[in-house]
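Student: For reference, the sequence and a predicted model appear below.
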Amino acid sequence: MDTNKAWHMETIIAAAAKKLEKNHFKAITARTSAEAVNHALGLITANESVGAGGSQTLIQLELIERLAERGQQLYANKPGLSAEESLKLRRQALNSDIYMASPNAVTLDGKLLFMDSIGNRASGMIFGPKKVIAFAGANKIVENEAAGWARIRQVAGPLNSRRLKLENPCATTGICSDCDSPKRICNIAVTLHKIPRHTQYYVILIAEELGY
């Protein structure tokens, strides 16, 4: 990676981490994906069940595979499941000991922003599992909430619709039109201003471009 870009990413994740800590999240910074995975593995004991929300970041980190290799009890969606099986797995994930996913944006004043389709990912990041581990690349760090929602509408939404092969307008135009599509994925918006009470909450910020 270009040294100037690496410096910038490391600098902004450090700034965001400082504000997240002020909001009572446990913020961890990592220079690489490998370092982030090692941090996460250290937070998960062998006897804890782990649920995961849909996340391109988690796919890129290959953390689910690492957990499967060590025999972790996992509730994570995977290709080949029927709609009923997938929905059942999503519900089971909400009762796991640990929930992992990625916010759509992290603000420099320490807030986490989520946009969800059916609500399982947002739910798991708010209440249920005793421990939450959120992952975000430096590309998801924004100045404030307004910038975060703009990023979600104009970047994350179109790219995720495209990734999931959904027939939403943004998957063709690349621009949010606040559609009424039956397959719309921007249905539930959540901002975590502070840490949810009674939850151990870790946010791992990575000095790389990860996810959408």
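Tutor: All right, it came through fine. Numbers count the residues shown, from 1 in each chain.

Student: could you say what helices and strands the lowest-mean-pLDDT helix or strand in the chain packs with?
Tutor: Taking mean pLDDT, DSSP states H and E as the measure, the chain has helix 83-93 as its least confident helix or strand, at a mean of 93. Helices and strands touching helix 83-93, by 3 or more Cβ pairs under 8 Å, 6 or more residues apart in numbering; DSSP states H and E, are strand 50-52, strand 74-75, helix 120-124. C-beta here means a position set from N, CA and C on the backbone, and glycine is covered the same way.

Student: Buried residues in it, which are they?
Tutor: 86, 89, 90, 93 (16 or more other Cβ atoms under 10 Å).

Student: So which of the helices and strands packed on helix 83-93 is the most surrounded?
Tutor: Of all the helices and strands packed on helix 83-93, strand 50-52 carries the top mean neighbour count, a mean of 26, counting by mean count of other Cβ atoms under 10 Å.

Student: Can you spell out which helices and strands pack onto it?
Tutor: Against strand 50-52 (3+ Cβ pairs under 8 Å, 6+ apart) you get strand 74-75, helix 83-93, strand 98-101.

Student: how does it look with 7 Å?
Tutor: strand 98-101 (3 or more Cβ pairs under 7 Å, 6 or more residues apart in numbering; DSSP states H and E).

Student: List the neighbouring strands of the strand it packs on plus their orientation.
Tutor: strand 50-52 (parallel), strand 131-137 (parallel) (DSSP bridges).
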